[in-house]
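J.: requesting a structural model of the entry that follows:
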Amino acid sequence: MKINPKTDIKQIFLSGIESVLPDKLIKSEVRWSNNVLSIQNHSFYLPDFENIFVIGAGKATALMAKEIESILGNYISAGHIVVKYQHKCALNIIEITEAGHPLPDENGRKAAQRILTIAKQAGSHDLVICLFSGGASALLADCPDEISLSDLITTNDLLIKSGASIQEINTVRKHISKLKGGQLAKEIYPAQTVSLILSDVIGDRLDVIASGPTYPDPTTFSEAYEVLKKYELINKVPLSVVQYLKRGIAGEISETPKSDDSIFSKVYNIIIGNNKMALEAAGRKAKELGYQAHVITDNLQSNIEETANFILSTIEKFKEKSHKTPICFLFGGEPIVKVTGDGLGGRNQHLALYLATKLENMPGITILCGGTDGTDGPTDAAGAIVDASTIQTAKEKHILPMDYLKKSDAYHFFKQVGGHLITGSTKTNVMDMIIAIIE
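T.: Numbers count the residues shown, from 1 in each chain. Here you go, the predicted model:
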């Protein structure tokens, strides 16, 4: 079978995405028959409930909500979800707001308030279905009265660019919020809560995905403050944020709900899709196209340089062995990039550019780095595809790749040299996929 790495690698990537489209996942996990709503191994007898509310946030929640509507229809009393701009779809009952991501905005603030209103409205004989996916932490732009939206935006921007992990970023987010870190579950109680979750974090940690709105929060105000100290942000974030965290440390503000809180006795958190599912589906497509396929890990979470070295060392180990069939390696996760310039890009384009500088003298290797949501950082690209020709083309155009890496400007590098991976909004989100083909 004749292979075409640059064409094949994109097909493999898109097959991974296809396997985690939210409406398909909901359809496979949620069923309604004889007045019983079945979600995985949980059952809910609908006549027991006076109202069914649907709320949620995240890049993938539009298609989740659409499928919930098709299953429950007029049984839904009211609902509201918030998604990233260009990620909505037509809904009949559930209201939908488009808002800012990765930075919060006024639309996100209004949507969070509407979601909070519905949560407070739910009573002991009601069922609240929550839909969460990656991006919810920014899209739920709620904050305490003492912190302005502007201060929230500034804090998010600094955290995202600091090199902090998503766990660390969300530790801070949960402690300057009224909904995150289990606090939404507190507002919903005593109603029954079922959260359907599409994971976009390493290890599928329920306390980290979407900043865990309906899950016990193991972190504290002190830990949130320590994150700001660790990344030298204490004197950079707005004073209102620092003062709020200090009040929490002093016990003047209640901690986020912990695992022993009785509110969680009426909460079910159910993961319906993750990065591993996408990688396995991508691997099946690679085999169809004639490649030996190997899923290496869904746990990439180091900085860009360490991640690139791991990928390249994996390739080198297999290159040393003779192989008659072309190989496809699949990696997943969410590498960390510290922004050092004022350029444009995202972690996938940055990683792809860094890898390209290492592939110049390594013909026969093609690598794709892509965000499964279809948008890498604040750009219209999902990522980029690189091989030995990438840097050769740059040299012919007198473009210096290291300059673009230093400026965190991978987007404009690929805009000139070529290699962008453009998919448009996929309406799903399960972290990143890195695919390497060795001819």
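J.: so residue 314 sits against residue 329, correct?
T.: Yes. The pair residue 314 / residue 329 is scored as a contact, 6.1 Å apart, by CB atoms under 8 Å. In this view, the C-beta of every residue, glycine as well, is placed from N, C-alpha and C.
J.: of the two, who's got more company?
T.: residue 329 (23 against 16; other CB atoms under 10 Å).
J.: can you give me the distance of that one to residue 366?
T.: To residue 366, residue 329 is 11 Å away according to CB to CB, to the nearest Å.
J.: same deal with residue 43?
T.: Applying CB to CB to residue 43 and residue 366 gives a distance of 47 Å.
J.: and the two? Which one has more around it.
T.: Neighbours were counted for residue 43 and for residue 366 using other CB under 10 Å; residue 366 has more, 23 against 10.
J.: now the helices for the stretch 1-150 of the chain?
T.: 5-18, 22-29, 61-72, 106-121, 136-139, 149-161 (DSSP state H, counting those that start in this stretch).
J.: tell me which of those helices lies nearest to residue 285.
T.: Among the helices of the stretch 1-150 of the chain, helix 5-18 comes nearest to residue 285, with 3.6 Å by CB to CB.
J.: before we move on, the earlier item: which neighbours do residue 329 and residue 366 share?
T.: 436, 437 (CB atoms under 8 Å, 6 or more residues apart in numbering).
J.: ok now do residue 64, which residues does it touch?
T.: 22, 23, 25, 26, 56, 131, 133, 196, 198.
J.: residue 182: which of these is nearest?
T.: Nearest member of the contacts of residue 64 to residue 182, counting by CB to CB, is residue 56, at 15.9 Å.
J.: centroid residue for this protein?
T.: residue 134 (3.1 Å; CA atoms, centre = their mean).
J.: didn't that one look like it was pressed against residue 432?
T.: No. Assessed by CB under 8 Å, residue 134 is found out of contact with residue 432, at 10.6 Å.
J.: quick one: the strands in the stretch 301-439 of the chain, in order.
T.: Counting by DSSP state E, counting those that start in this stretch, the stretch 301-439 of the chain has strands at residues 327-333, 365-371, 383-386, 420-421, 432-438.
J.: show me what the first one is packed against.
T.: Under the contact definition 3 or more CB pairs under 8 Å, 6 or more residues apart in numbering; DSSP states H and E, strand 327-333 sits against helix 5-18, helix 275-288, strand 292-300, helix 304-319, strand 432-438.
J.: looking at those, which is nearest to residue 248?
T.: Ranking the helices and strands packed on strand 327-333 by their distance to residue 248 (criterion: CB to CB) puts strand 292-300 first, at 31.6 Å.
J.: residues touching that closest one, excluding its own?
T.: With CB under 8 Å, 6+ apart as the criterion, strand 292-300 contacts 202-203, 274-276, 279-280, 282-284, 286-287, 307, 310, 314, 323, 325-335, 431-432, 434.
J.: same check on stretch 231-246?
T.: Contacts of stretch 231-246 (CB under 8 Å, 6+ apart): 144, 146-148, 150-151, 154-155, 158-159, 162-164, 168, 175-176, 221, 224-225, 227-228, 253.
J.: buried residues in it, which are they?
T.: Neighbour counts using 16 or more other CB atoms under 10 Å place 231, 233, 237, 238, 240, 241, 242, 244, 245 of stretch 231-246 among the buried residues.
J.: now swap in stretch 121-137 and tell me
T.: 121-122, 126-137.
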